[in-house]
Structure formats: structure tokens, C-alpha cells
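Trainee: Predicted model follows, preceded by the sequence.
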Amino acid sequence: QVQLVESGGGLVQAGGSLRLSCAASGRTFSSYTMGWFRQAPGKEREFVAYISWTGGRTYYADSVKGRFTISIDSAKNTVYLQMNSLKPEDTAIYYCAAKYRGSALVVNEYDYWGQGTQVTVSS
């Protein structure tokens, strides 16, 4: 049974930083791409970033490029999203997701999802 458990969300002022974590369990993830998505109230879930499990390939949405960094600690089976220079428009529930083989920017191409963690950025 695959489990993805996010943590690290919270309330932060604009310009601040947060680091989200996603603990993955239930199988070997070496053939997976791990993604972060977010969903703001009244909006569709949108792609933020992905990383191949080996860490050799990353990709970011334009809206977060240069501010967010995705990384993996494979020994801990944990994916991170370091978020710097946060803006009020970054406020959303952030979700971790796993896709078997290949990478994708689209929600419905991911196989497993976590429950989400709330990030709120005040102005």
C-alpha cells in the first residue's frame, strides 16, 4: 500500500520560507517521478515541480522557478520542497504525488497522492 504523507505547511509572512516534506512508503520508488502540486480555494489543482527519484531530472512551473527547489533524500524515502521568497499567491494546499515511469505536469497522470498540507502566506 503506497502512502505519501506531507508535512511542513503553516502560516508565514510574505518573503518568508517554508520546507515541505513528503514521506513515501509502501514500495520501491526508483522508477517513479515525484511531483508537488497545489490547489488554491476555488481553483484547479496545478503543477508546481517534479523530480525523478534518482534526482537527475527536475522541472518547475514558471510561477515558482528560482524561488522553489525540489529535492530527494532517497535514504529517507522523502521528497522536499524548499519554498523561498513566498508570496500571498502561493497560498494553497500543497500535495505530493507519485507517477510510475515517466514524468508529467498533468494531475491525472499521477498514480498516488498524499492528503495535502496547507500553506498560507500573509501579506
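Mentor: Received the coordinates, thanks.

Trainee: From now on I want contacts and neighbour counts done on CA atoms only, so please keep to that.
Mentor: Will do.

Trainee: Doesn't residue 44 lie inside a helix?
Mentor: No: counting by DSSP: H, G, I helix; E, B strand; the rest coil, residue 44 is not part of a helix but coil.

Trainee: now it: how far from residue 121?
Mentor: 19 Å (CA to CA, to the nearest Å).

Trainee: Ok, residue 57 next?
Mentor: 28 Å.

Trainee: which parts of stretch 97-107 are buried?
Mentor: 97, 98, 99, 103, 104, 105, 107 (16 or more other CA atoms under 10 Å).

Trainee: what does stretch 25-32 give?
Mentor: 29, 32.

Trainee: can you tell me the average pLDDT over that stretch?
Mentor: Averaging pLDDT along stretch 25-32 gives 92.

Trainee: Flag whichever of the buried residues of stretch 97-107 scores worst on pLDDT.
Mentor: Minimum pLDDT across the buried residues of stretch 97-107 is recorded for residue 103, with 83.

Trainee: so that one makes contact with residue 47?
Mentor: No: using CA atoms under 8 Å, residue 103 is not in contact with residue 47; the gap is 11.8 Å.

Trainee: returning to what we had before: quick one, which of residue 57 and residue 121 is more surrounded?
Mentor: residue 121 (19 against 11; other CA atoms under 10 Å).

Trainee: for the more buried one, phi and psi?
Mentor: phi -110, psi 120 (degrees, to the nearest 10).

Trainee: Looks like it contacts residue 91 (just checking).
Mentor: Yes: counting by CA under 8 Å, residue 91 is a contact partner of residue 121 at 5.4 Å.

Trainee: any idea how far residue 14 is from the nearest residue to residue 72 once chain neighbours are set aside?
Mentor: The shortest distance from residue 72 to any non-neighbouring residue, by CA to CA, 6 or more residues apart in numbering, is to residue 79 (4.5 Å). Taking CA to CA as the measure, residue 79 falls 24 Å from residue 14.
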